[in-house]
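J.: Need coordinates for the below:
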Amino acid sequence: LVFVVNIDDPRVLDYDPVGANGEYVIYCPPGERGIVHPLNWGFESVELGEATGFFGDDVVPKTQGWDRKLLRALRRQGGGLVYGNDRLQGKNIATHPILDSRIPQTLGWLAYPRLKHLCVDVVLHRLAADLGKCTYLDFVILEHKHRANGKAPSDDTYEYVNSEPVKDHDGRVHLEYLSSDVYQRDLS
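T.: Numbering: from 1, shown residues only. Got it, this is the predicted structure:
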């Protein structure tokens, strides 16, 4: 388990470099606000195992053995992407995906680099679905305690990443990518 923490986070000193269970912290340099920069920094900074994925700090796994269940499903389908029920989007979007590590290794990114924050999950879900390797496990609860479902208060980060400029940018960029020759090449 790896935690990617922005070095300019006001609480950065609260993180121990190595946790009690062997997890560790990667300190990400300042960059574009949103999830894309830290996800790709983390992806480039660690040696990936068989699978990789990401959760925001507003995700709480509720199902005991959630990690083993998702990994078993990933192995059963022979790679691709698996995801659980976030109690917000459900089957619609793989908001917290677990991927065969060969996917980001082949692409060279975990989050499409032209995005800022939104649609990272949409792009990965569509990619896996188009490859015929996308499985939803309704019984694996990875609760997304988001502002949209009333489970988190708003703050500066939520306001920025859900602002109209970010929505417009990421909405346009992800649609351009999914309809591009680059996407078709990435599928092959």
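J.: which ones are touching residue 32?
T.: By Cβ atoms under 8 Å, 6 or more residues apart in numbering, residue 32 lies in contact with residue 116. For every residue, glycine as well, the C-beta is placed using N, CA and C.
J.: In three-state terms, how would it be classified?
T.: Using DSSP: H, G, I helix; E, B strand; the rest coil as the criterion, the local structure at residue 32 reads coil.
J.: Settle this for me: residue 138 is touching residue 85, isn't it.
T.: Yes: using Cβ atoms under 8 Å, residue 138 is in contact with residue 85, at 5.1 Å.
J.: and these two? which has more neighbours close in?
T.: Neighbour count, other Cβ atoms under 10 Å: between residue 138 and residue 85, residue 85 has more, with 21 against 9.
J.: Let me see the confidence value for that one.
T.: If you check residue 85, the pLDDT there is 97.
J.: Please list all residues in contact with it.
T.: Taking Cβ under 8 Å, 6+ apart, we find residue 85 in contact with 91, 136-142.
J.: Report the buried members of those.
T.: Among these, those classed as buried by 16 or more other Cβ atoms under 10 Å are 136-137, 140, 142.
J.: and of those residues, the nearest to residue 46?
T.: residue 142 (20.9 Å; Cβ to Cβ).
J.: close enough to count as contact, that closest one and residue 58?
T.: No: counting by Cβ under 8 Å, residue 142 sits too far from residue 58 to count as a contact (10.8 Å).
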